[in-house]
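K.L.:
okay, sequence plus prediction incoming.
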Protein chains: 2
Amino acid sequence: MVAGGLVTLAKNETSVMIENKFIHHVYFWLKNADSKEDRAKLIEGLKKLSKVTTIKNFHIGQPADTSRDVIDRSYAISWFVLFDNAADQASYQTDPIHLKFVEECAHLWTKVIVYDSVDAKS
Amino acid sequence: MVAGGLVTLAKNETSVMIENKFIHHVYFWLKNADSKEDRAKLIEGLKKLSKVTTIKNFHIGQPADTSRDVIDRSYAISWFVLFDNAADQASYQTDPIHLKFVEECAHLWTKVIVYDSVDAKS
């Protein structure tokens, strides 16, 4: 079922496919990997960043306790964002809240990888 | 608001944080990167894989049309899954449907990166 623009899952419903959305997933590696203070600053910055109005859903993550050879758990913090479409993601990039986040937090990380995904076309 | 175990977004509501979930995001690089047939086989395999009952939401993706130096758009297909918790993800790994997917599709890819994320603790 779809409500309020987001795919939702009713009780006892089977898996639901996210469709016609734009997924933006970012992984951050901290310059000072052992600094709890820098980590907290980045999390705080992402919380502020989540106020960008084109963001539908977001998740601030850290590596889970899983470990297999294909799993990369070397990043410090992950940032998942669901947008309605590519235009909303583009607008987010130049949103003043995003620009302020980069200004305040870019010194914290040494590496960033971004994966932007849309529905796979067969 | 939260309904049916999944965070949902009401109309005019601001961004909603996904909390207490387990995010499993996989990126696949195809052995035959230019083979439309292999690509279609992988997509078909993921559609079957989505029937695993512990999966709440999933997305089968391809790189969006974005390009900045931090964006990795070299993968062919992405596979995003939202689980309720780590136990459900662990159960998925040994689910017969998952084992069959690996058996049928593993020959298609040359590289896989998995990022498993849970809520960041400050």
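P.N.:
The structure has been received and is ready for your questions.

K.L.:
list the contacts of the strand ranked longest in chain A.
P.N.:
Secondary structure of chain A per DSSP state E: the longest strand is strand A:109-119. Residues from elsewhere that reach strand A:109-119 (Cβ atoms under 8 Å, 6 or more residues apart in numbering or on different chains): A:19-31, A:42, A:75-76, A:86, A:89, B:25, B:27, B:59-66, B:68, B:70-73, B:75, B:78, B:80. For the C-beta atoms, the positions are set from N, CA and C on the backbone; glycine is no exception.

K.L.:
now do the SS call for the residue most central in space within chain A.
P.N.:
For chain A, the residue sitting closest to the mean C-alpha position, by Cα atoms, centre = their mean, is A:F80 at 1.9 Å. At A:F80 the chain is in strand, as set by DSSP: H, G, I helix; E, B strand; the rest coil.

K.L.:
contacts only, for A:S15.
P.N.:
Per Cβ under 8 Å, 6+ apart, neighbours of A:S15: B:S50, B:K51, B:V52, B:T53, B:I55, B:K56, B:N57, B:F58.

K.L.:
among these, which one sits closest to B:F101?
P.N.:
Nearest to B:F101 out of the contacts of A:S15 is B:V52 (Cβ to Cβ; 8.9 Å).

K.L.:
thinking again about what came up before, so which of the contacts of A:S15 sit within helices?
P.N.:
Counting by DSSP state H, no part of these is found in helices.

K.L.:
can you narrow those residues down to the ones near chain A?
P.N.:
Filtering the contacts of A:S15 for neighbours of chain A using Cβ under 8 Å from any Cβ of the partner chain leaves B:S50, B:K51, B:V52, B:T53, B:I55, B:K56, B:N57, B:F58.

K.L.:
closest one of those to B:H98?
P.N.:
Distances from B:H98 to these, taken by Cβ to Cβ, are shortest for B:V52, at 6.1 Å.

K.L.:
got the contact list for that closest one?
P.N.:
Counted by Cβ under 8 Å, 6+ apart, B:V52 has contacts A:S15, B:Y92, B:D95, B:I97, B:H98.

K.L.:
again with A:N85
P.N.:
Contacts of A:N85 by Cβ under 8 Å, 6+ apart are A:N20, A:K21, A:F22.

K.L.:
list phi and psi for it.
P.N.:
Backbone geometry at A:N85, expressed as degrees, to the nearest 10, gives phi -170, psi 170.
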